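Participant: Following is a predicted model, sequence given first.
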Amino acid sequence: MSVTVEKSPEIAPPPVLRQRGQREVFCGLTGIVWLHRKMQDAFFLVVGSRTCAHLLQSAAGVMIFAEPRFATAIIGERDLAGLADANEELDRVVGELLARRPDIRVLFLVGSCPSEVIKLDLSRAAQRLSRNHDSVRVLHYSGSGIETTFTEGEDACLATLVPGLPVSTDGADLLVVGALADTVEDQFRRLFAAMGVVRVGFLPARRAAEPPSIGPHTRFILAQPFLAETARLLAKAGLKRISATMPLGAEGTRAWFTAIAGALDIPPSRVQEVTEIPYRRAESALRRMHAHLSGKSIFFFRDSQLEIPLARFAANELGMRLTEVGTPYLHRALIAEDLARLPTGITLSEGQDVERQLDRCRAIRPDLTVCGLGLANPLEAEGLTTKWSIELVFTPIQGFEQAADLAELFARPLRRRARLTV
Amino acid sequence: MQLALWTYEGPPHVGAMRVAAAMRGVHYVLHAPQGDTYADLLFTMIERSKTRPPVTYTTFQARDLGADTATLFRDQVRDAAERFKPEAMLVGASCTAELIQDDPGGLARSVGLAIPVIALELPAYQRKENWGASETFYQIVRQLAAVGDAPAESAPGPSCNILGPTALGFRNRDDLAEITRLIGRLGIRVNVTAPLGASPADIARLPFADFNVVLYPEIARQAADFLQRSAGQPCTRIIPIGHAATEAFVREVADLAGVDPAPALAPAEARSPWYARSVDSNYLTGKRVFVFGDATHAIACARVAARELGFQVVGLGTYSREFAREVRKEAELYGQEALIADDYLEVEAAITRAAPEIVLGTQMERHIAKKLNIPCAVISAPVHVQDFPARYSPVMGYEGANVLFDSFVHPLMMGLEEHLLHMFREDFEFTTDASPSHLGGAGLAVADAAGLAAQAPADSEASLAGPAWADDAEQEVRKIPFFVRSKARRNTEKYAEMHGIARITLDTLYEARAYYAR
Ligand code: SF4
Ligand code: SF4
């Protein structure tokens, strides 16, 4: 496959199935699990209920036995009955927290369903707390389940950082938007440097208190597909978005770098040169995976919004056969390049009625089903092979060097099933 | 508002799910936003359940709030009834839906289903998971048990119900098997087991037994009390955890049934009393143990540790505030003040202060113990995936006592191994980093390691306040292998304080040692 210049889709897009019913998906609070690892000077304080605390704990798998940089301020009946002033209570809790964690520079107050239903004004609380605590910037976003779906929590968090990005004429030439594992970020930095892009900023930055600066000349590109609101705000701030496939797989990553080069007037030959070795390495690793994966059918439950880029990778770089590709939201503009490369004859579904999606999945009996943790074991018990979608969000999968790891995430469950004799 | 890092219990509707998921033929429609569906993974991942819990979530969104969440709820009730065909429907609200006050019970009844609808009112801002499970089970029993009816045909001989096991309960599956077998040995028939495995029709038959066996009071006491009041069924009070408690339980059950306890006393498989007496167990004497969990398991495991293994209980606590009184009373027996807390950091601080040699706790305490480098065994929910072992491993009954013996003793042996590893690691660091005068042969590993610890710039073992150490005493204490050194140091200081000694000499050290010799 050769590198092609980015074009808008010309073929008719696949039909989209829209249904409403029970959605089986995490809320935006879940993003805290990876965001707090990424931003090492930030603390996430959910203002919510015991349910919110329990969700975070269950999603994190209680993996982190050190004191994590997130917590929940659990609203109690005294707060609801008005016996305690919720704002005063919040100030007290934040005071205690900051006293214990003097290393914190940025505090996110994260809204939940209960805080939103009782209309607790967390943006005003954030302003007030910022004034009262000099050394800490207090910000606010919503991770509630009534407003946000799973990865939209990251979108809401990054969006709240946009207005605080320092503006300067020597701001970054390129802003890469979306939380990436540090290893991936480092690999990308090296490739950018080799391409001659020196002023590169990443959002989020590893230290939230040291955000990248931007200028009118800054171009931005998404490294994650689910950042609609962040992209909108950056565009509103006058930054132009570079449209590309998501940097998944050998092709996807190369197309991503090529699009950046195009936007920054770097000659294509330069990109070719810089990416050649990692591209070859990724490509030959993927070719070895073909034996396990090509021709195998794959079904995506709606979950993270990574589904369309993943489907593109599975179909075009692994030779897998797509059946239904579900996504919580279809932001056509943001994933146009991935969407355009999807093969024909597939079903896209947006929104969800999980019972009916399960019925369709059972009828198709795909070789591999990508689904949430709540569905995986029951489907395995019905004889289907599954991959948990949350692993695709938590694991470093972007970039050339991770292309084979990503393929391996699909291949391992299939290999395992073939190997077991019980 | 309460700051929480990790929580011991989920919200009360998760307790209701544990009851629903344990039963057959019920479905639970929960008015809740989409994120609350995370609770499914507790069952499918942690317990490796092969089916999703029988729960439909309405997953309302912000845009529904102004419009019509009530219609959404009614539609979901109707769809769920049609798709899953349950014999009874549970309905209720999660924390968010509680705030919008849609009245799930009234709405569900207005759908006009042909099956019983049980409305659950579980105040999410006051109560927690175990309370939710207990209340749910009670409501189910209250509404479905055919109190006052006579059984269609009465089977001969004494009979009982076994109440309490749920989905996601700590070792519930195996406890139930063990206790069922034990009761069988007494010739008592088990009429119904609930909630685990029971259908609404089974619940209706509950009043037809002679008495109730309550395995987990956190879940089943409320329902058992109701059956006692309304159907005149007495219930058991003894929890059969540990050898002695199992025997007492057998006697209690035999008494209630009017049968001879002998067939279920001292069976061949009751190995734990002999294991505890065998000479190899000598080194277990006086091991300092810290116990924390739900009230039932914490109390029972402290008893087993103290009386059946010869440990010394240096801390006892629970996160079940509903049972604080019982735990306080029990802690007094060990000369301790009970820790009643659901704040993980408070528990961590208490464990650090008590400096136990082993911790018996939940998965939270496992993490605390890991951090403090103390051996640990899990004895209570909340638990993680490895606490649902593939093999048979009850904690109740005689086999349960065997399992507890193994689980309390194995981490200690492993703990010792870990300390050995530690020694050699430090030895390695020592030979590469420290000053030449301490370089010794490989055979001197222990002494070298001890020397290294002494060289550490800030000797973390030395207490900041308290009696001072004379040089000779200090030298001597450093010769003690360092995995017991901090304990020796602590005991000596305590002894010195007790006797008003301001400066610890070599003599003080040996006097203290004689004083604490056991
Ligand atoms: S160590 Fe692993 S299995 Fe155990 S509680 Fe932590 S995450 Fe769960
Ligand atoms: S869906 Fe709402 S109530 Fe549930 S965990 Fe998420 S924010 Fe909390």
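Facilitator: Ah, there it is. Ligands and ions are numbered 1, 2, ... in the order given.

Participant: From the opening residue of stretch A:391-409 to its closing one, how far?
Facilitator: With CA to CA, to the nearest Å applied, stretch A:391-409 spans 8 Å between its terminal residues.

Participant: Residues touching it, excluding its own?
Facilitator: Applying CB atoms under 8 Å, 6 or more residues apart in numbering or on different chains, the set of residues contacting stretch A:391-409 from outside is A:33-34, A:150-151, A:180-181, A:183-184, A:187-188, A:223, A:246-250, A:253-254, A:275, A:278-279, A:281-283, A:285-286, A:288-289, A:293, A:304, A:306, A:310, A:313, A:317-318, A:370, A:387. All C-beta spots, glycine's among them, are computed from the backbone N, C-alpha and C.

Participant: list the contacts for the residue in the stretch 51-200 of chain A that ligand 2 sits nearest to?
Facilitator: Across the stretch 51-200 of chain A, the shortest distance to ligand 2 (CB to the nearest ligand atom) belongs to A:Gly145, at 2.3 Å. Applying CB under 8 Å, 6+ apart, one finds that A:Gly145 lies in contact with A:Cys27, A:Gly28, A:Leu29, A:Ser112, A:Cys113, B:Pro33, B:Gln34, B:Gly35, B:Asp36, B:Thr59, B:Thr96.

Participant: from the residues you listed, which is closest to ligand 1?
Facilitator: Of all these, the one sitting nearest ligand 1 is A:Leu29; the distance, using CB to the nearest ligand atom, is 18.7 Å.

Participant: Please, where are all the helices along the stretch 1-150 of chain B?
Facilitator: In chain order, the stretch 1-150 of chain B shows helices spanning B:12-22, B:39-41, B:62-66, B:69-84, B:95-100, B:104-111, B:129-144, with DSSP state H, counting those that start in this stretch as the criterion.

Participant: Among these, show me which one is buried the most.
Facilitator: Most buried of those, by mean neighbour count (mean count of other CB atoms under 10 Å in any protein chain shown): helix B:12-22, with a mean of 28.

Participant: That one vs chain A: in contact?
Facilitator: Yes. With CB under 8 Å from any CB of the partner chain as the criterion, chain A is reached by helix B:12-22 at B:His13, B:Val14.

Participant: Alpha carbons only: can I get that helix in CSV?
Facilitator: Provided in CSV are the C-alpha atoms of helix B:12-22 (Å, rounded to 0.1, in the frame of the first residue of the first chain):
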residue,chain,number,x,y,z
PRO,B,12,-27.1,0.4,48.2
HIS,B,13,-28.4,-0.4,44.7
VAL,B,14,-25.2,-2.6,44.2
GLY,B,15,-26.4,-4.5,47.2
ALA,B,16,-29.8,-5.0,45.5
MET,B,17,-28.0,-6.2,42.4
ARG,B,18,-26.1,-8.8,44.5
VAL,B,19,-29.4,-10.2,45.6
ALA,B,20,-31.0,-10.0,42.2
ALA,B,21,-28.0,-11.6,40.5
ALA,B,22,-28.0,-14.4,43.1
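
Participant: Can you check which of the helices of the stretch 1-150 of chain B gets nearest to ligand 1?
Facilitator: Taking CB to the nearest ligand atom, helix B:39-41 is the member of those nearest to ligand 1, at 12.7 Å.

Participant: in which helix or strand would I find the most centrally placed residue in chain B?
Facilitator: Among the residues of chain B, B:Ser380 comes closest to the average C-alpha position under CA atoms, centre = their mean, at 1.4 Å. Assessed by DSSP states H and E, B:Ser380 sits outside every helix and strand.

Participant: Please report how far it lies from ligand 2.
Facilitator: To ligand 2, B:Ser380 is 25 Å away according to CB to the nearest ligand atom, to the nearest Å.

Participant: B:Glu326 contacts B:Ile299, doesn't it?
Facilitator: Yes. Applying CB atoms under 8 Å as the test, B:Glu326 and B:Ile299 come out as touching, 6.5 Å apart.

Participant: re the thing from before, residues contacting the residue nearest to the centre of chain B?
Facilitator: By CB under 8 Å, 6+ apart, the contact list for B:Ser380 reads B:Phe170, B:Phe292, B:Gly293, B:Asp294, B:Thr296, B:His297, B:Ala298, B:Cys301, B:Gly361, B:Thr362.

Participant: Run a quick neighbour tally on residue 396.
Facilitator: Here I'm looking at chain A. By other CB atoms under 10 Å in any protein chain shown, the residues close to A:Pro396 number 16.

Participant: Hmm, no, I was thinking of chain B.
Facilitator: For B:Met396, the count of nearby residues is 28 (other CB under 10 Å).

Participant: Can you name the helix or strand that B:Thr193 falls in?
Facilitator: Taking DSSP H and E as the definition, B:Thr193 sits inside strand B:189-194.

Participant: mind saving the C-alpha coords of that strand as CSV?
Facilitator: Extracted as CSV, the C-alpha positions of strand B:189-194 are listed here (Å, rounded to 0.1, in the frame of the first residue of the first chain):
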residue,chain,number,x,y,z
ARG,B,189,-33.9,-31.2,55.2
VAL,B,190,-33.0,-27.9,53.5
ASN,B,191,-36.3,-26.4,52.4
VAL,B,192,-35.1,-23.3,50.6
THR,B,193,-31.7,-21.6,50.2
ALA,B,194,-32.0,-17.9,49.5
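
Participant: Any idea how many residues pack against the residue of the stretch 151-300 of chain B found nearest chain A?
Facilitator: Residue nearest to chain A within the stretch 151-300 of chain B: B:Leu168 (11.6 Å; CB to the nearest CB). As a burial measure, B:Leu168 scores 25 neighbours (other CB under 10 Å).

Participant: and it, how far is that from ligand 1?
Facilitator: Here the distance between B:Leu168 and ligand 1 works out to 14 Å (CB to the nearest ligand atom).

Participant: nearest spatial neighbour of that residue, skipping sequence neighbours?
Facilitator: Closest residue in space to B:Leu168, ignoring its immediate chain neighbours: B:Arg18 at 5.1 Å, by CB to CB, 6 or more residues apart in numbering or on different chains.

Participant: Could you count how many residues lie near the residue of chain B found nearest ligand 1?
Facilitator: At 3.7 Å from ligand 1, B:His384 is the closest residue in chain B, using CB to the nearest ligand atom. Counted with other CB under 10 Å, the neighbours of B:His384 add up to 15.
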